[in-house]
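In: Build me a structure from this.
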Amino acid sequence: MANVKWAVDPTHSEVQFKVKHLMITTVTGYFEKFDVEAESEDEQFSNPQNVVFTADVNSISTNNEQRDTHLKSADFFEAENYGEIRFNGTKYEQVDGSNYKLHGDLTIKGTTKPVIVHVEFGGIVVDPYGQTKAGFTVSGKISRKEFGLTWNAVTEAGSVVVSDEIKLQAEIQLVKQA
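Out: A predicted model of the protein is given here:
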């Protein structure tokens, strides 16, 4: 039996990141253009594999055009040369109940590192249009410096402007493909 293919429902999904600014507040950003694809053994999302997430760096938004331009520059993502962030899932592991760990390789700015994200499986439903959908809440943390995003400045008081730790948060709804 062939694997079931799943694709992201972009109107019911979002990908965010959070980073400390001046170590006193948190700035939230998101990617307006991203994709998620996966395969599973059945319609219940059993034994998922070939989980691939991509984000268009040029679609980054923090609700501040000047900051977004800076993030796309060589100081951070260098979008002109590295326009895509990519995550290739390698192992989906149940922790307990509806909680899982998704292991994979994350590539940002030409650097690939293994990461683990936490996944809460929301379940499977058939929507009013007859589409089978699967829902997930994904969270994790990465070090931006490990991926070559090393720009920073120091305030007069000695505080860093941008934290190294980036918190990842996503709400993903996948649609079973015909």
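
In: so what does whichever strand or helix holds residue 141 touch, helix or strand wise?
Out: Assessed by DSSP states H and E, residue 141 sits inside strand 132-143. Applying 3 or more C-beta pairs under 8 Å, 6 or more residues apart in numbering; DSSP states H and E, one finds that strand 132-143 contacts strand 111-126, strand 162-176. Glycine gets a C-beta too; all of them are placed from N, C-alpha and C.

In: average pLDDT for that strand?
Out: For strand 132-143, the mean pLDDT works out to 98.

In: same check, this time on stretch 3-10
Out: The pLDDT scores in stretch 3-10 average 97.

In: For that stretch, which residues meet the burial criterion?
Out: Buried residues in stretch 3-10, counted by 16 or more other C-beta atoms under 10 Å: 4, 6, 8, 9, 10.

In: Dump those to TSV, plus secondary structure and distance to residue 139.
Out: As requested, the buried residues of stretch 3-10 are arranged in TSV below (DSSP: H, G, I helix; E, B strand; the rest coil; distance: C-beta to C-beta, whole Å):
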residue	secondary structure	distance to residue 139
4	strand	25
6	strand	20
8	strand	17
9	coil	19
10	helix	20
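
In: Over to residue 12: give its phi and psi.
Out: Per-residue torsions, residue 12: phi -120, psi 30 (degrees, to the nearest 10).

In: neighbours of residue 110, just the number please.
Out: Other residues lying near residue 110 total 10 when counted by other C-beta atoms under 10 Å.

In: right, I mislabeled it, should have said residue 24
Out: 7.

In: Give me the pLDDT for it.
Out: pLDDT at residue 24 comes out at 85.

In: Return the distance of it relative to residue 66.
Out: Using C-beta to C-beta, to the nearest Å, residue 24 is found at 20 Å from residue 66.

In: returning to what we had before: highest average neighbour count across the helices and strands packed on strand 132-143?
Out: Of the helices and strands packed on strand 132-143, the one with the most neighbours on average (mean count of other C-beta atoms under 10 Å) is strand 162-176, at a mean of 18.

In: I'm done for today, thanks for sticking with me.
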